[in-house]
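*Asks:* Kindly return the folded structure for what I paste below:
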Amino acid sequence: MATEVLEQATEERLIRRRASAEEFWALPESVLPTEYIDGEIIMAPAPTIGHQSASRNIFRSLDRFVPASAADQLFYSPLDVILPSGDVVQPDILFLTKKDVRQANKQGRVRCAPLFVVEILSPGSVSHDTIRKRDLYERNGVREYWIVDLKKRTVTQLVLRKKHYAMTELRESDVVKGAVLAGFEMTVGQLLGG
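*Replies:* All right, here's what the predicted structure looks like:
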């Protein structure tokens, strides 16, 4: 094994462990969020009721917008996404084009940078989602990334412009306008629900 040390991050509440990619792929299938970033296996506890409720509301709103006839699809966690860098993430919600869906079906896994991802902050994932995964998504060319903060009831919308994210923080009464899902518009309050 790369290292035998398990490190419990106190402020993060995430378990991190150095490992090889082979060790990651040898793990048993799990519904717990498990990612492989920069040579570390990162495990988190299952999401809370509030997290899942917001995830459901966001997914339903976006799914009503994405036309089924286009064969583009939305997916939700847990689903491994192997980025071009080789890192493996599990976004709460992701959007794949028809071509990416076809390729994922052939390969049995998502092996691309989705055009659009959503991460909903949990108490233990704030710096992981806002710093580490932001950098990872930016480097791998994810065109639009929403960071949802349930405590503040905000959506931070990051849109890739010339290899770097342009950031807009939207509050409850602000309207989220999709960049990848052009034409999608909804207030943050409606998107997050009660």
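*Asks:* ranges for the helices of the chain?
*Replies:* Ranges of helices within the chain are 21-25, 49-65, 98-107, 126-127, 133-140, 188-192, based on DSSP state H.
*Asks:* Sort out which residues of the fifth one are buried, please.
*Replies:* Taking 16 or more other Cβ atoms under 10 Å as the basis for neighbour counts, the residues of helix 133-140 that come out buried are K133, R134, L136, Y137, N140. For the C-beta atoms, the positions are set from N, CA and C on the backbone; glycine is no exception.
*Asks:* in those residues, which two residues are the furthest apart from each other?
*Replies:* Using Cβ to Cβ, the buried residues of helix 133-140 reach their maximum pairwise distance at R134 and N140, which is 11.1 Å.
*Asks:* how far does stretch 80-98 stretch from start to finish?
*Replies:* 18 Å (Cα to Cα, to the nearest Å).
*Asks:* Residues contacting stretch 118-138, please?
*Replies:* 9, 11-14, 37, 42, 44-45, 47-48, 51, 54-55, 58, 83, 85, 87, 89, 91-94, 113, 117, 145-151, 156, 158, 160, 163-165 (Cβ atoms under 8 Å, 6 or more residues apart in numbering).
*Asks:* cool, and stretch 155-172?
*Replies:* Taking Cβ under 8 Å, 6+ apart as the rule, stretch 155-172 contacts 130, 134, 137-138, 141-149, 152-154, 176, 179, 187-189, 191-192.
*Asks:* Kindly report the same for stretch 104-111.
*Replies:* With Cβ under 8 Å, 6+ apart, stretch 104-111 has contacts from F75, L79, D80, V81, I82, L94, L96, D100, Q103, C112.
*Asks:* can you tell me which of those are in strands?
*Replies:* F75, V81, I82, L94, L96 (DSSP state E).
*Asks:* so can I have CSV of the residues you listed showing neighbour count, distance to P33 and pLDDT?
*Replies:* CSV is the format used below for these (neighbours: other Cβ atoms under 10 Å; distance: Cβ to Cβ, whole Å; pLDDT from 0 to 100):
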residue, neighbour count, distance to P33, pLDDT
F75, 17, 14, 94
V81, 24, 12, 95
I82, 19, 16, 95
L94, 24, 14, 97
L96, 22, 19, 95
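*Asks:* Alright, calling it a day.
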